[in-house]
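In: using only what follows, build the 3D model:
(2 chains)
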Amino acid sequence: QKEVEQNSGPLSVPEGAIASLNCTYSDRGSQSFFWYRQYSGKSPELIMFIYSNGDKEDGRFTAQLNKASQYVSLLIRDSQPSDSATYLCAVKRGGYQKVTFGTGTKLQVIP
Amino acid sequence: DGGITQSPKYLFRKEGQNVTLSCEQNLNHDAMYWYRQDPGQGLRLIYYSQIVNDFQKGDIAEGYSVSREKKESFPLTVTSAQKNPTAFYLCASSMAQGGTYEQYFGPGTRLTVT
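Out: Predicted coordinates:
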């Protein structure tokens, strides 16, 4: 079992729709959760981080964390073609500096 | 502007040569990291450093070496012992304590070894 699992996609959504990206993790000691966006050929860019169970909203983005189910998700409202990218989920265990990345989900927003 | 710089953007080397990738940050972060990304794969940790003059091996340290003589700088050397060095190399930094620990990435160096 991978430490951080994501569906590789591609996930295709029409422009204006909600895109839902999911991530599961295996380490119950994980305490910090991050979402990065990576455009083709570019480096990852931090979108959001979340530490507590529940939802965290930032503009069109909402991160959701459920530690009991070991599940973290990213919702993108009013999806735009410019949101087309690969989204990486990353998880950090408490007390450790190392962050483990998933392999990413490719999102395609269709105009 | 605060940020992380990596140079060069593209690097070409012949097999058997050592090559050093540069990473500099002015975010006043204590921790710095090196990752490797291969096509269709996630980021794999090569080395990380939480403080000057100290660093730890990551998951794939064989064939690589690092130094951390200054807080701002964390160069990575890809040695001839690295069997498959062609990849996209990413440097990142974060706070090491008292912060939210999120990592910020530089623009990356794409290394091609032939």
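In: quick one: name the residues of chain A near chain B.
Out: Proximity of chain A to chain B (C-beta under 8 Å from any C-beta of the partner chain) is limited to residues A:4, A:8, A:32, A:34, A:36, A:42-46, A:49, A:51, A:88, A:90, A:92, A:97-99, A:101-104. All C-beta atoms are positioned from the backbone trio N, CA, C, and that covers glycine.
In: which of those residues count as buried?
Out: A:4, A:32, A:34, A:36, A:43-44, A:46, A:49, A:88, A:90, A:92, A:97, A:99, A:101-104 (16 or more other C-beta atoms under 10 Å in any protein chain shown).
In: any regions of chain B where pLDDT drops low?
Out: B:1-2, B:98-100 (pLDDT under 70).
In: picking up where we left off before, out of the buried ones among the residues of chain A next to chain B, which are inside strands?
Out: A:V4, A:S32, A:F34, A:Y36, A:L46, A:F49, A:L88, A:A90, A:K92, A:V99, A:F101 (DSSP state E).
In: next, format those residues as JSON lines and append pLDDT.
Out: Shown next, in JSON lines, are these (pLDDT from 0 to 100):
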{"residue": "A:V4", "pLDDT": "94"}
{"residue": "A:S32", "pLDDT": "92"}
{"residue": "A:F34", "pLDDT": "96"}
{"residue": "A:Y36", "pLDDT": "97"}
{"residue": "A:L46", "pLDDT": "96"}
{"residue": "A:F49", "pLDDT": "94"}
{"residue": "A:L88", "pLDDT": "97"}
{"residue": "A:A90", "pLDDT": "95"}
{"residue": "A:K92", "pLDDT": "91"}
{"residue": "A:V99", "pLDDT": "90"}
{"residue": "A:F101", "pLDDT": "93"}
